[in-house]
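Q: Sequence plus predicted model, see below.
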Amino acid sequence: MSDDDFAQRPTALREGAFAGKVVLVSGGGSGIGRAAAILFARLWARLVLCGRDAGKLESAGTCLARLGADVSTHAMSIRSPEAVETLFAEVVDRHGGLDLLVNNAGGQFAQASIDIRPKGWNAVVDTNLNGTFYMMQAAARHWRDVARPGCIVNVVAAIWRGMPQVAHTCAARAGVVFLSKTVATEWAPLNIRVNCVAPGTIRTEGFGNYSREARASFSQANPTLRTGDAWDIAQAIAYLGSDTAGFITGETLNVDGGSQNWGDPWFLGRPEYFELNYAEARLPENLEVQVQ
Ligand SMILES: CCCCCCCCCCC/C=C/C(=O)SCCNC(=O)CCNC(=O)[C@H](O)C(C)(C)COP(=O)(O)OP(=O)(O)OC[C@H]1O[C@@H](n2cnc3c(N)ncnc32)[C@H](O)[C@@H]1OP(=O)(O)O
Ligand SMILES: NC(=O)C1=CN([C@@H]2O[C@H](COP(=O)(O)OP(=O)(O)OC[C@H]3O[C@@H](n4cnc5c(N)ncnc54)[C@H](OP(=O)(O)O)[C@@H]3O)[C@@H](O)[C@H]2O)C=CC1
């Protein structure tokens with residue numbers, strides 16, 4: 001899907017639903033984050049995008065400005081607590097405050113867990129769990145200090161049956177889900193809602209990090225036998241971030257084509273052990289039936 005597609009796709013959300021609201025999308029330069037930012041622009045939000053790559057952010061910023069949004073872009077890494085602090089100071093300075101934080105930045109690399117080295121484990125956990133926490137905490141402190149209501153939507157993954165070959169990200173996302181449930185209670189007195197969206201396999205630029213074989217498994221990894229697209233996730237994010245979802249907190253919304261129930265994505269390709277061959281499968285003796 002292109003920016004132009006996202007600028008036109010129908011949406012269930014009401015025009016003007018985010019009028020006067022400031023929305024921060026991490027990883028807003030590409031994929032799901034970029035689609036969500038386009039949706040928020042169409043709903044009249046003011047936008048803040050952050051990510052590491054200034055070029056990607058600038059390109060997304062230009063697209064949002066064309067849609068009429070007031071947008072600022074900030075190149076930084078969510079892994080640095082100092083950079084997160086600076087980001088929030090810049091947001092307050094430039095936009096006067098924040099209303100919704102979308103923690104979408106994240107990623108991983110595929111590797112058998114038995115081979116993951118400490119540096120790689122730490123890189124993934126630091127981005128997906130620690131970085132997300134620094135952003136959540138900075139937002140909550142801001143809302144507490146200015147006595148303003150707030151809302152957080154964290155993008156995780158449909159991890160419910162484990163995620164072989166990406167154990168580090170599975171562990172980190174599980175951490176974010178339970179962190180979110182925890183602070184949804186702690187921060188309710190501050191009028192802050194916290195929810196997660198758990199995507200299944202969603203066709204984005206991020207797919208480029210995986211082999212052809214892995215990508216083929218992604219498109220067969222749920223009962224619909226197809227991948228979702230970034231708009232599917234953008235709409236779920238906007239719904240949970242909107243006042244329409246005002247009585248929902250501590251929840252995780254799966255947008256996964258049913259992958260919780262059936263399907264097996266393999267980030268490095270399916271190991272031979274898991275190849276199924278029903279034609280040659282032998283039943284245990286006591287289950288054999290005589291066919292007349
Ligand atoms: C059972 C039902 C399941 C249902 C379905 C569930 C959902 C399925 C989801 C399916 C598809 C998912 C897709 C996506 O998530 S797409 C979006 C994602 N985008 C990315 O993943 C971005 C790509 N990755 C990265 O940018 C980086 O890897 C990362 C952010 C994770 C780390 O960045 P950093 O810059 O800190 O790290 P370095 O590159 O410097 O590396 C640090 C050490 O990490 C190790 N490493 C890194 N890459 C690899 C690799 N390819 N293989 C092995 N090890 C790696 C390594 O130790 C690095 O240190 P050294 O370089 O010193 O060795
Ligand atoms: N596509 C899918 O099937 C699924 C995706 N997800 C998750 O959804 C999110 C969006 O993924 P998607 O859009 O597909 O892929 P992308 O790779 O396009 O998006 C990841 C974004 O995260 C940003 N990012 C990564 N590390 C950092 C960091 N340290 N600091 C700031 N920004 C960072 C990247 O920006 P930059 O390069 O500029 O730093 C990039 O824009 C990710 O968390 C991903 O893991 C979850 C399940 C499935």
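A: Sure thing, it's come through. Ligands and ions are numbered 1, 2, ... in the order given.
Q: middle-most residue in the chain, spatially?
A: Geometric centre of the chain, nearest residue: V155, 2.6 Å, by Cα atoms, centre = their mean.
Q: Verify the contact between that one and I32 for me.
A: Yes - using Cβ atoms under 8 Å, V155 is in contact with I32, at 6.4 Å. Bear in mind the C-beta positions are built from the backbone N, C-alpha and C, glycine included.
Q: anything in contact with each of the two?
A: Taking Cβ atoms under 8 Å, 6 or more residues apart in numbering as the criterion, V155 and I32 both touch 104, 199, 233, 237.
Q: From these, which land in strands?
A: Of the positions in these, P199 sit in strands, assigned by DSSP state E.
Q: So which of the shared contacts of V155 and I32 is surrounded by the most neighbours?
A: Counting neighbours by other Cβ atoms under 10 Å, I237 comes out on top of the shared contacts of V155 and I32 with 30 neighbours.
Q: Which residues are in contact with it?
A: 32, 36, 39, 102, 104, 153, 155, 197.
Q: which residues sit in contact with the third one?
A: Read that as L39. 6, 11, 13, 231, 234-235, 237-238.
Q: So which of those residues are in helices?
A: Counted as lying in helices by DSSP state H, out of those, are 6, 231, 234-235, 237-238.
Q: Within range of ligand 2, give me the residues from this protein.
A: Proximity of the chain to ligand 2, by Cβ under 6 Å from any ligand atom, involves residues 26-27, 29-33, 51-53, 56, 77-79, 104-107, 127, 131, 155, 157, 199, 201-202, 204-206.
Q: What subset of the residues you listed is buried?
A: 26-27, 29-33, 51-52, 56, 78-79, 104-106, 127, 131, 155, 157, 199, 201-202, 204, 206 (16 or more other Cβ atoms under 10 Å).
Q: coming back round to it: next one: the nearest residue to the residue nearest to the centre of the chain once chain neighbours are set aside from H95, what distance?
A: Leaving aside its sequence neighbours, V155 sits nearest to N104 (Cβ to Cβ, 6 or more residues apart in numbering; 4.4 Å). As judged by Cβ to Cβ, to the nearest Å, N104 and H95 stand 18 Å apart.
Q: Tell me the gap between the host helix or strand of E90 and the middle of its chain.
A: Taking DSSP states H and E as the definition, E90 sits inside helix 81-95. Counting by Cα atoms, centre = their mean, to the nearest Å, helix 81-95 is centred 21 Å from the centre of its parent chain.
Q: Would you agree N222 is in contact with D256?
A: Yes - if you go by Cβ under 8 Å, N222 and D256 touch, sitting 6.1 Å apart.
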